[in-house]
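**Q** pasted the sequence and its predicted model underneath.
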Amino acid sequence: MPKNILILGGGTGGVVAALSLAEAKEKFGLDYEITLVNKTEWHYMPPLWMDVALGTAKIEETRAPIRGLEKYGVKVVVGEAVNIDPGNRAVSLADGTTLGYDYLFVVLGLRNGWEAIPGYAEEGYHNYSPEGALEFNNALKQFKGGKVVITVPEVPFRCGIYPMEFATVLAYKLSSKGIKPEITLMSPRMPNGVDITYALGPDIKRLWDKYFNMYGIKVRTHDGIEKIDGQRKVVVTKNYEEPYDLLIKVPPPRSPKVLEENPEFQKDPTGRFIVAKPLDFRHPKYDDIFLTGEHSMPPTGLGTAGVFIHAASYRATQILLSDEYGVGSPGPIPPVACVAYVADKGFLGVCEVTFDGQTHMWSGPRCYNVVESYLMKMVKHAFYQGWLDRLRL
Ligand SMILES: Cc1cc2nc3c(=O)[nH]c(=O)nc-3n(C[C@H](O)[C@H](O)[C@H](O)COP(=O)(O)OP(=O)(O)OC[C@H]3O[C@@H](n4cnc5c(N)ncnc54)[C@H](O)[C@@H]3O)c2cc1C
């Protein structure tokens, strides 16, 4: 009987795992079935939701049909996983179906935990969902000037560069419409006392400083956001209050409910993330389960960003192929490259991680800026559209 590999989640990591296993199956003539379950018909590329908010992309350009995986020999089920029963190797879907497995990849991303802060769900705009990006775009079209506040409530947050990237692009966009940007980035205090512009090290910090100085973008460090007072239009923190005209919000990251509420999945000490074994991304108790989604990156020492989820998902498939079929090559995690916007340009950053034998976690990242140019903005578009084109029918 061929083994049955089940992948839950058709986002960045789920698609990487499915394509890696499909490629190995064909290349080495292996005998297993790959099934991927995704909640919607679409595979989304979340970084492009920023373009939707800014009016430079349509929702259709941020996604591809998840059934596009079928041409690679992956069986696709559109449905919502509502329970995972590791003892019986069974996954229940919302429509009542039960799926069994020999190996399970859990790659379900993170959810937006707006409920963590009073008033956060009701106030402000964001591009952490397609619907949010469309609402945000409407608000930006109406915006005629005033004080823009970008709130980052806690670390880690989804994508270590996003708030700074967005601040510089918005500043450029408002300036080119003749609106003098007045932007404040509210950063949580990092464990060593600094703000999040330091998060990826001195080289990337220098890049942010250059553009923040150019556009007068301010950074204020807070000790925790207590609530958003929508009537007074004020962000209330433990150490100060910040008034706003336009509030742009980054969500507190929380694990998907199907994992958060399941006692078989252990939470890390913060209660926000799901524990995976750092070196091979396996479930601490069940060796047949790999946890390579964003929900499991912080407990391994990796960041909550697509580039790390890509590396983790690929590595886990190579470990499985090596252990089960003797063909995988799970080498060290190579440097990951990230293309992002900065004001009117783009940049290519590279981050290195190493496995620390003492802490038994991935350490770093050590990041540097390789190139900053107009060309990199086009490279970002080309990269994401090329990624999605693999699934477009
Ligand atoms: C605005 C924004 C900008 C970003 N910019 C960058 C960037 O520049 N660089 C970078 O590296 N990363 C960036 N990221 C982060 C990156 O998008 C995520 O880290 C990555 O997509 C997470 O991969 P994942 O596979 O774990 O989850 P996701 O890509 O979120 O996919 C999860 C999938 O699981 C499905 N799902 C969820 N629950 C269920 C369920 N119960 N049953 C079935 N299916 C389910 C969802 O429908 C989804 O398809 C950004 C994110 C955002 C929001």
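**A** Received, thanks. Residues are numbered from 1 along each chain as shown.

**Q** which ones are touching Pro181?
**A** By C-beta atoms under 8 Å, 6 or more residues apart in numbering, the contact list for Pro181 reads 148, 170-171, 174-175, 215-217. Glycine gets a C-beta too; all of them are placed from N, C-alpha and C.

**Q** how about Leu110, phi and psi?
**A** Dihedral pair for Leu110: phi -120, psi 160, per degrees, to the nearest 10.

**Q** run a quick neighbour tally on the residue of the chain found nearest the ligand.
**A** Nearest residue of the chain to the ligand: Gly11, at 1.7 Å (C-beta to the nearest ligand atom). By other C-beta atoms under 10 Å, 22 other residues sit near Gly11.

**Q** which element is the closest residue to it other than its chain neighbours on?
**A** Leaving aside its chain neighbours, Gly11 sits nearest to Gly109 (5.2 Å; criterion: C-beta to C-beta, 6 or more residues apart in numbering). For Gly109, there is no host helix or strand (DSSP states H and E).

**Q** distance check, Lys144 against Leu246.
**A** 10 Å (C-beta to C-beta, to the nearest Å).

**Q** between the two, which is the more surrounded one?
**A** Leu246 (21 against 7).

**Q** is that one in a bridge, and if so with what?
**A** On the basis of DSSP bridges, Leu246 is bridged to Val148.

**Q** return the residues in contact with it.
**A** Contacts of Leu246 by C-beta under 8 Å, 6+ apart are 125, 139, 143, 146-149.

**Q** write out the residues of the chain neighbouring the ligand.
**A** Residues of the chain lying close to the ligand by C-beta under 6 Å from any ligand atom are 8-14, 37-40, 46-47, 49-50, 80-81, 107-109, 127-128, 158-159, 162, 256, 258, 293-294, 304-307, 309, 338, 340.

**Q** now with 5 Å, please.
**A** 9-13, 38-39, 46-47, 80-81, 107-109, 128, 158-159, 162, 256, 258, 293-294, 305-307, 309 (C-beta under 5 Å from any ligand atom).

**Q** filter those residues down to the buried ones, ChimeraX style.
**A** Buried subset of these, written as a ChimeraX selection, criterion 16 or more other C-beta atoms under 10 Å:
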select :9,10,11,12,13,38,39,46,47,81,107,108,109,128,158,159,162,256,258,293,294,305,306,307,309
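
**Q** ok, back up a step: buried subset of the contacts of Leu246?
**A** Buried among the contacts of Leu246 (16+ other C-beta under 10 Å): 125, 143, 148-149.

**Q** flag the shaky bits of the protein, pLDDT-wise.
**A** 393 (pLDDT under 70).

**Q** so Val194 lies in a strand, does it not?
**A** No: secondary structure of Val194 (DSSP: H, G, I helix; E, B strand; the rest coil): coil, not part of a strand.

**Q** report the contact partners of the residue of the chain closest to the ligand.
**A** Applying C-beta under 8 Å, 6+ apart, the residues contacting Gly11 are 38, 43-44, 46, 107-109, 293.

**Q** list the buried ones in the helix or strand hosting Gly132?
**A** Assigned by DSSP H and E, Gly132 falls within helix 130-142. Buried residues in helix 130-142, counting neighbours by 16+ other C-beta under 10 Å, are found at 130, 132-133, 136-137, 140.

**Q** how about stretch 273-281?
**A** 273-278, 280-281.

**Q** same question for stretch 67-81.
**A** 67-69, 72, 74, 76-79, 81.

**Q** show me which pair in the residues you listed is furthest apart.
**A** Tyr72 and Ala81 (21.5 Å; C-beta to C-beta).

**Q** burial count for the closest residue to Ala171 other than its chain neighbours?
**A** With sequence-adjacent residues excluded and distances taken as C-beta to C-beta, 6+ apart, Ala171 is closest to Tyr215, at 3.7 Å. Using other C-beta under 10 Å, Tyr215 has 18 other residues around it.

**Q** got the contact list for Tyr215?
**A** The contact partners of Tyr215, by C-beta under 8 Å, 6+ apart, come to 168, 171-172, 175, 181, 183, 343.
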